[in-house]
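Q: sequence unknown, structure follows:
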């Protein structure tokens, strides 16, 4: 009888251990600390590509593969989680001291893996397909962001706060950005929309299209992009196509090779009336909090009488 009871008890213990093992597997397994295995609670989040991504409940080590993502992670109060960034990540100042893992387009996989990040954040503006499988094969989660509107940028900031456990900071940042956007819009919403061309690069001539978040920035600044119906985010235009657009204003994404309008616009109202405005390329090209600074600058350039 005693042997039978012992067998029953041992079987119960075995079942409990099996259930615990299944639970740990469902939670993503365990990490070894000394000679002990410690369960790491996991959860599933959905990125901007609709992918289900399994990450630790508490994310402590992060790599960013885009300058805007580095800015955003600092903005939501999680800059101390960054263990690796690209050579292009130059803002805020603290980002310059973080280990570099190569540039945005060709990151060093060995360096990233050696940093043991919980999550690698990437932008679809990067060539992610080539290295995503390598990271995931090494048990490193890859989270993709792809905002195509101003609202999408704000949503991404809120999601970052949730993923990184800084919801309070993100909950302060996002409403403040929305307030600033609302203040700008209240000044320009009744004004006649200015027809604007955004020149991303002079040669070859690139601009913004339907799928770019910058198209919505122009709308909030009291403008209308003359390329708002062009498919893709950043289309390349021929000079013939560009010359027919006749923009009233040209906005240059200011960089060393993009300081003047393309010759295609020499007869446009924008050039004839001297309505050429420059916006710092980092402000204009990075979907993050500083987009609101760009929005404010553009709105003031287009409707100066409303901001006196």
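A: Right, received. Where do you want to start? Predicted, not measured: the structure shown is a model, and the values here were computed from it.

Q: so where's the stretch 1-150 of the chain uncertain?
A: The model of the stretch 1-150 of the chain has pLDDT under 70 over residues 1-38, 125-130.

Q: again, only this time at 90
A: The model of the stretch 1-150 of the chain has pLDDT under 90 over residues 1-40, 49, 104-106, 123-137, 139, 146, 148.

Q: show me the contacts for the nearest residue to residue 255 once chain neighbours are set aside.
A: Nearest residue to residue 255, sequence neighbours excluded (Cβ to Cβ, 6 or more residues apart in numbering): residue 281, at 4.6 Å. Any C-beta I mention is one placed from the backbone N, CA and C, and that applies to glycine too. Under the criterion of Cβ atoms under 8 Å, 6 or more residues apart in numbering, the contact list for residue 281 reads 253-255, 258.

Q: residue 263 against residue 239, yeah?
A: Yes: checked against Cβ atoms under 8 Å, the pair residue 263 and residue 239 is within contact range at 7.1 Å.

Q: care to break this protein down by domain?
A: Segmentation of the chain into domains, based on automatic domain parsing, reads 42-146, 189-307.

Q: generate JSON lines for those domains, with distance to residue 170 as supplementary columns.
A: Rendered in JSON lines, the data for these read as follows (distance: least, Cβ to Cβ, whole Å):
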{"stretch": "domain 42-146", "distance to residue 170": "4"}
{"stretch": "domain 189-307", "distance to residue 170": "11"}
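
Q: residue 169 is nearest to which of those domains?
A: Taking Cβ to Cβ, domain 42-146 is the member of the domains of the chain nearest to residue 169, at 3.4 Å.

Q: start to end distance for that closest one?
A: In domain 42-146, first residue to last residue: 24 Å (Cα to Cα, to the nearest Å).

Q: now that domain, how far from the centre of its chain.
A: Here domain 42-146 is found 10 Å from its chain centre; the criterion is Cα atoms, centre = their mean, to the nearest Å.

Q: check stretch 194-205 too.
A: Stretch 194-205 has its C-alpha centroid displaced from the chain centroid by 22 Å (Cα atoms, centre = their mean).

Q: next, the buried residues of that stretch.
A: The neighbour-count check on stretch 194-205 (16 or more other Cβ atoms under 10 Å) flags 194-202, 205 as buried.

Q: out of those residues, name the ones that lie in strands.
A: 194-199 (DSSP state E).

Q: wait, which of those residues is closest to residue 173?
A: If you rank those by distance to residue 173 using Cβ to Cβ, residue 198 comes first, at 25.8 Å.

Q: what about that closest one, distance to residue 186?
A: Computed as Cβ to Cβ, to the nearest Å, the residue 198 to residue 186 distance reads 23 Å.

Q: then residue 306?
A: Look at residue 306 and residue 186: by Cβ to Cβ, they are 9 Å apart.

Q: please identify which of those two sits among more neighbours.
A: Using other Cβ atoms under 10 Å as the criterion, residue 306 and residue 186 rank with residue 306 on top: 15 against 10.

Q: isn't residue 213 right next to residue 147, touching?
A: Yes: in this structure residue 213 lies within contact range of residue 147 using Cβ under 8 Å: 5.5 Å.

Q: need the overlap of contacts for the two.
A: Residues touching both residue 213 and residue 147 (Cβ under 8 Å, 6+ apart): 153, 287.

Q: could the contacts of residue 281 be laid out in JSON lines, adding neighbour count?
A: Output for the contacts of residue 281, formatted as JSON lines (neighbours: other Cβ atoms under 10 Å):
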{"residue": "253", "neighbour count": "23"}
{"residue": "254", "neighbour count": "16"}
{"residue": "255", "neighbour count": "16"}
{"residue": "258", "neighbour count": "18"}
